[in-house]
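Asks: Below: sequence and its predicted model.
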Amino acid sequence: MMETIELESDYIVLSIPKDTVEVEINATIWKDGATQKVTHKMGLAEVRDAFKDAEMNYIGPDAKFSITGKGLAYLDGLKAD
């Protein structure tokens, strides 16, 4: 029988195949002075939510940004103040 424990999480960017329906993460953590192996399984709904979240919130390393004329005028106004 597998024991379920609550662990503090943090986020990473991870590339997975586009048609993924399940992800299993096997990690080794440090807990109570020793290493321990843990597993987390994401089903279809969690995977789809993760894809949506990445699409809405992740900015890739090759992203380029430009400023509009309105934005430039706003910055010029800040410099004048």
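Replies: That came in fine, so what should we check first? Remember, it's a predicted structure, so these values are computed and weren't measured experimentally.
Asks: hey, let's count contacts and neighbours off CA atoms from now on
Replies: Fine.
Asks: For residue 28, list each beta-bridge partner.
Replies: According to DSSP bridges, the partner residues bridging residue 28 are residue 37.
Asks: Please look at it and residue 40 and confirm they touch.
Replies: No: using Cα atoms under 8 Å, residue 28 is not in contact with residue 40; the gap is 11.4 Å.
Asks: Model confidence at residue 79, what's the number?
Replies: Residue 79 is assigned a pLDDT of 88 by the prediction.
Asks: Output the contacting helices and strands for the helix or strand where residue 50 lies.
Replies: Following DSSP states H and E, one finds residue 50 within helix 44-57. With contacts defined as 3 or more Cα pairs under 8 Å, 6 or more residues apart in numbering; DSSP states H and E, helix 44-57 has no packing partner among the helices and strands.
Asks: What are the contacting residues of that helix?
Replies: Residues outside helix 44-57 that contact it (Cα atoms under 8 Å, 6 or more residues apart in numbering) are 20-23.
Asks: do the same with stretch 28-40
Replies: Among residues not part of stretch 28-40, those counted as contacts by Cα under 8 Å, 6+ apart are 24-27.
Asks: Narrow those to those in strands?
Replies: With strands identified by DSSP state E, the entries of the contacts of stretch 28-40 that belong to them are 24-27.
Asks: any chance of those in JSON lines, with neighbour count and pLDDT too?
Replies: Supplementary listing: these in JSON lines, determined by neighbours: other Cα atoms under 10 Å; pLDDT from 0 to 100:
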{"residue": "24", "neighbour count": "10", "pLDDT": "97"}
{"residue": "25", "neighbour count": "9", "pLDDT": "95"}
{"residue": "26", "neighbour count": "11", "pLDDT": "96"}
{"residue": "27", "neighbour count": "11", "pLDDT": "95"}
